[in-house]
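1. test case, fold it:
(chains A and B)
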Amino acid sequence: MSRFRVCIVDYEVGNLRSVHNAISRLGYDARVSDSADEVRRADALVLPGVGAFEPAMRQLSASGLIGPIEARLSRGTPLLGICVGMQLLATDSEENGLHRGLGWIPGHVRRLRPPSGLGVPHVGWNDVRVLLPGSPLFARTGDGTHFYFDHTYHFECGVEHAAATCDYGVTVTAAVQRERLMGVQFHPEKSQAAGLRLLRGFFVAAGAPGPGPC
Amino acid sequence: MLAKRIIPCLDVRDGRVVKGVKFVGIRDAGDPVDCARRYDEEGADEVTFLDITASVEGRGAMLDVVARTADVLSVPLTVGGGVRDAADIDALLKAGADKVSINSSAVRDPELVARASGAWGAQAIVVAIDAKRGERGWQVFVHGGRTPTGRDVLEWVEEVTALGAGEVLLTSMDRDGTGEGYDLELLRRVTEVTSVPVVASGGVGTLEHLADGLEIADAALAASIFHHGVYSVGEAKRFLAARGIEVRPA
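-> Just a heads-up that it's a prediction; the model follows:
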């Protein structure tokens, strides 16, 4: 049997090496690619992203990969968005003007407005509260696990799609989920063993083999 | 709740760790990759490299070190020291650094902070400030602390915050290397004038000092207390937790 194949969508936003390393460490066949063919052949998709929303969305559009990704999603292939990759799933973002997102999970990306005394960006390790107990993302990490965050904006979505939150004076959306479409605001690839366990949970639910150290 | 961060810092010259790092059971204490991995295993929340290389050839070695470190590290990596311009920032981020810290080049060209923050996001840009006490407040020094700038630290912090710095790495030159503890007054004043996270640096000699700093700052950078094996990151975190400071369990 061929190895479980993961396509890390490369649309020229940031360094994808650590995401690739983390998924490879789990034993999966992870490929960083900007090819529609690779998207079509993947068992699961990962949409990374750093920096600002608008250039990320513009470059994803220019990559020509949105159509192929949508086609995979409609056939049930799971997708995990990371950081700005998660924010792109939203209806729109208010970062540097109002910009339209993919609109795959309804909601708006808005600036964090914590009470005074708490800085922005929200940088560091915060413990998450899991709202969707059945979410595969947290099946192996549980409630109260710390993950590494570094962001200024966050995804405000309906409670039905908020998989986890964390507390930063205000409630911050830490993870979203709409069926097999998922996203995390934090960086699992920078979150040590907890991050690997989260990724393992996502891929196992996507049909990947489960055994291993995580 | 957001945990306070412990960030070990390694000085690197020509691709090798300089300050006498003494780890038990480490293959090569001079190899920044091995040292960074060790800190990762101990439960460090991030790792910082400060490149003190003077030569251009040595800078190439740093990019290689960053790339190899990023391959083994499972926490964020910040790299600073000698970053001159946007091209240097780009090269370090491409090599695998998560954040780049800029110091003298930000003073020379403050717009660099804005351009870099716009291009790569505030989360990737740290402004490092070397502060020395004077008769009235603190003054910004550059070039590894050799050159006074005449700039007031608090005003400079306000300025870089407005320009889009994602974090401020604040080193007290008066305390650096003394082991007498952070300059708490400096920390307090700086955190009052900025909305971005402040990383405290310079002067840690005991776990008590770490705790004092973290009651004010968001993160603590420390070198010698970890390098010499006096305390592990895990021990530091247990001490802080007992003091009631929120940390991520190691």
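
2. and the helices in chain A?
-> Taking DSSP state H as the test, the helices found in chain A are A:17-25, A:36-41, A:53-63, A:66-74, A:84-87, A:192-205.

3. then chain B?
-> Going by DSSP H, chain B shows helices at B:32-42, B:56-72, B:86-95, B:104-108, B:111-120, B:153-163, B:184-193, B:207-214, B:224-227, B:233-242.

4. quick one: which of the helices of chain A is nearest chain B?
-> helix A:192-205 (4.6 Å; C-beta to the nearest C-beta). Quick note: C-beta positions are derived from backbone N, CA and C, even for glycine.

5. can I get the closest one in PDB, CA atoms only?
-> Provided in PDB are the C-alpha atoms of helix A:192-205 (Å, rounded to 0.1, in the frame of the first residue of the first chain):
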ATOM      1  CA  GLN A 192       6.600  20.600  20.200                       C
ATOM      2  CA  ALA A 193       4.900  17.200  21.000                       C
ATOM      3  CA  ALA A 194       1.500  18.800  21.400                       C
ATOM      4  CA  GLY A 195       1.600  20.100  17.800                       C
ATOM      5  CA  LEU A 196       2.600  16.700  16.500                       C
ATOM      6  CA  ARG A 197      -0.300  15.000  18.400                       C
ATOM      7  CA  LEU A 198      -2.700  17.500  16.900                       C
ATOM      8  CA  LEU A 199      -1.500  16.800  13.400                       C
ATOM      9  CA  ARG A 200      -1.700  13.100  14.100                       C
ATOM     10  CA  GLY A 201      -5.300  13.500  15.100                       C
ATOM     11  CA  PHE A 202      -6.100  15.400  12.000                       C
ATOM     12  CA  PHE A 203      -4.400  12.900   9.600                       C
ATOM     13  CA  VAL A 204      -5.800   9.800  11.400                       C
ATOM     14  CA  ALA A 205      -9.300  11.100  11.000                       C
END
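
6. so it versus helix B:32-42, what angle?
-> 80 degrees (axes from the mean of the first three to the mean of the last three C-alpha atoms, to 10 degrees).

7. ok, and the helix or strand in chain B with the lowest average confidence?
-> In chain B, no helix or strand scores lower on mean pLDDT, DSSP states H and E than helix B:224-227, which sits at a mean of 82.

8. okay, now the closest residue in space to A:Asp167 that isn't next to it in sequence: neighbour count?
-> Closest residue in space to A:Asp167, ignoring its immediate chain neighbours: B:Met1 at 5.5 Å, by C-beta to C-beta, 6 or more residues apart in numbering or on different chains. Look at B:Met1: counted by other C-beta atoms under 10 Å in any protein chain shown, it has 11 neighbours.

9. B:Met1 contacts B:Glu246, doesn't it?
-> Yes. B:Met1 is in contact with B:Glu246 according to C-beta atoms under 8 Å; the separation is 5.4 Å.

10. residues contacting the residue lying farthest from the centre of chain B?
-> When distances are taken from the C-alpha mean of chain B, B:Glu135 lies farthest, 26.5 Å away, according to C-alpha atoms, centre = their mean. Not one residue lies near B:Glu135 by C-beta atoms under 8 Å, 6 or more residues apart in numbering or on different chains.

11. quick revisit: just the helices of chain A: most buried one?
-> Mean neighbour counts were compared across the helices of chain A using mean count of other C-beta atoms under 10 Å in any protein chain shown; the top stretch is helix A:84-87, at a mean of 27.

12. who touches it?
-> With C-beta under 8 Å, 6+ apart, helix A:84-87 has contacts from A:9, A:13, A:46-53, A:56, A:81, A:93, A:101, A:109, A:153-155, A:175-176, A:183-185.

13. restrict these to contacts with chain B.
-> A:Val50, A:Gly51, A:Ala52 (C-beta under 8 Å from any C-beta of the partner chain).

14. nearest to B:Glu215, of the residues you listed?
-> A:Val50 (31.3 Å; C-beta to C-beta).

15. and the residue lying closest to the closest one once chain neighbours are set aside, how far from A:Gly51?
-> With sequence-adjacent residues excluded and distances taken as C-beta to C-beta, 6+ apart, A:Val50 is closest to A:Gly14, at 3.8 Å. Using C-beta to C-beta, to the nearest Å, we find A:Gly14 at a distance of 6 Å from A:Gly51.

16. and for B:Ser224?
-> For B:Ser224, the distance to A:Gly51 - C-beta to C-beta - is 35 Å.

17. compare neighbour counts for these two and give me the winner.
-> The neighbour count for B:Ser224 versus A:Gly51, taken as other C-beta under 10 Å, is higher for A:Gly51 (21 against 15).

18. apart from its chain neighbours, what residue comes closest to that one?
-> B:Gly121 (4.2 Å).

19. list the contacts of the one you found.
-> B:Gly121 touches A:Val50, A:Gly51, A:Ala52, A:Thr152, B:Gly166, counting by C-beta under 8 Å, 6+ apart.

20. out of those residues, which is most surrounded?
-> B:Gly166 (27 neighbours).

21. list the contacts of that one.
-> With the criterion set at C-beta under 8 Å, 6+ apart, B:Gly166 makes contact with A:121, A:123, A:150, B:99, B:117, B:121-126, B:196-197.

22. do any residues in the lowest-mean-pLDDT helix or strand in chain A lie close to chain B?
-> Lowest mean confidence among the helices and strands of chain A (mean pLDDT, DSSP H and E): helix A:17-25, at a mean of 92. Yes. Against chain B, helix A:17-25 shows contacts by C-beta under 8 Å from any C-beta at A:Arg17, A:Ser18, A:Asn21, A:Ala22.

23. list the buried residues of stretch A:176-186.
-> A:Val176, A:Gln177, A:Arg178, A:Arg180, A:Leu181, A:Met182, A:Gly183, A:Val184, A:Gln185, A:Phe186 (16 or more other C-beta atoms under 10 Å in any protein chain shown).

24. no more questions from me, cheers.
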